[in-house]
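Participant: From the sequence below, what's the structure:
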Amino acid sequence: MTEKSTSILAIEDDSEIRGILEVRLEAEGYRVETAGCGKSGLRRFFDTKPDLVLLDVGLPEIDGFEILNRIRELSSTPVIFISARGEEEDRVRGLSGGGDDYLVKPFGGRELVARIEAVLRRVNSSSENSDDEIYEDSRIKINFSSHDVSVDGSPVFLTAYEFRLLKALVGHPNQVLSHNQLLDLVWGTDAIEAALSSVRLYIGYLRNKVEHDKQQPTLIETIRGFGYRYRPSKD
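Facilitator: Modelled structure (predicted):
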């Protein structure tokens, strides 16, 4: 198979699973890097700058949730959790922390590849659908290509889902978007475990970072019974 340009970093402490991932993904044409613990995984991430990360939760030294936190401090690279821990609490923690998908072991090779392709489609679609590279009003400035966001002139870090949610809202200024519309725009039809509660949760996260007073928001309005609306600031 022709080699794809997409690179994947698999951070997994089980050497057998690590080898299976490498063989399966290379057979699909991906370029694959691997790491067996949290510290080496972070070093690999910053050294190789992969296009996507497969991340185990139960890693030695630094667990997967903490690795995701450190990745999200500087990067919006898509991350798919692969873990034997399938409890709802773990899945919610992984997704709400900025993970793009959560796959519970054991899983099949075809499902893994399908999940990877689905996440990459969402990321690529998000980039391609930006008609303008820059959005700016009197409060918020967004560089869609670099994912840089500033509020009142100060940089603000957003997780991948927070960024997509803000992008969806500013892309439809003064228009009420329903919960279902935001699910489609932000999580996509291939997202797992996404529910209406996910929208409310991330609206709260986003307000914490962009509003002066999250209890009395002026940018992201709640339209009860309908959804949410972005009001561009004109101050």
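Participant: Please count neighbours and contacts with C-alpha atoms only from this point.
Facilitator: OK.
Participant: What residues sit buried inside the helix-or-strand element of the chain with minimal mean pLDDT?
Facilitator: The element with the least model confidence among the helices and strands of the chain, by mean pLDDT, DSSP states H and E, is helix 109-128, at a mean of 80. By neighbour count, and taking 16 or more other CA atoms under 10 Å as the criterion, the buried residues in helix 109-128 are 112, 115-116, 118-120, 122-123, 126.
Participant: What pairs with the very next helix or strand once past it, parallel or antiparallel?
Facilitator: Using DSSP states H and E, the helix or strand that follows helix 109-128 in sequence is strand 134-136. Using DSSP bridges, strand 134-136 pairs in its sheet with strand 140-143 (antiparallel).
Participant: Touching the strand it pairs with from outside, list them.
Facilitator: 133-136, 148-153, 210 (CA atoms under 8 Å, 6 or more residues apart in numbering).
Participant: Same list (the residues you listed) but as JSON lines, adding distance to E221 and neighbour count.
Facilitator: Converted to JSON lines, these look like this (distance: CA to CA, whole Å; neighbours: other CA atoms under 10 Å):
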{"residue": "E133", "distance to E221": "25", "neighbour count": "12"}
{"residue": "I134", "distance to E221": "22", "neighbour count": "15"}
{"residue": "Y135", "distance to E221": "19", "neighbour count": "16"}
{"residue": "E136", "distance to E221": "18", "neighbour count": "15"}
{"residue": "D148", "distance to E221": "23", "neighbour count": "15"}
{"residue": "V149", "distance to E221": "20", "neighbour count": "22"}
{"residue": "S150", "distance to E221": "19", "neighbour count": "18"}
{"residue": "V151", "distance to E221": "17", "neighbour count": "18"}
{"residue": "D152", "distance to E221": "19", "neighbour count": "13"}
{"residue": "G153", "distance to E221": "22", "neighbour count": "11"}
{"residue": "V210", "distance to E221": "12", "neighbour count": "22"}
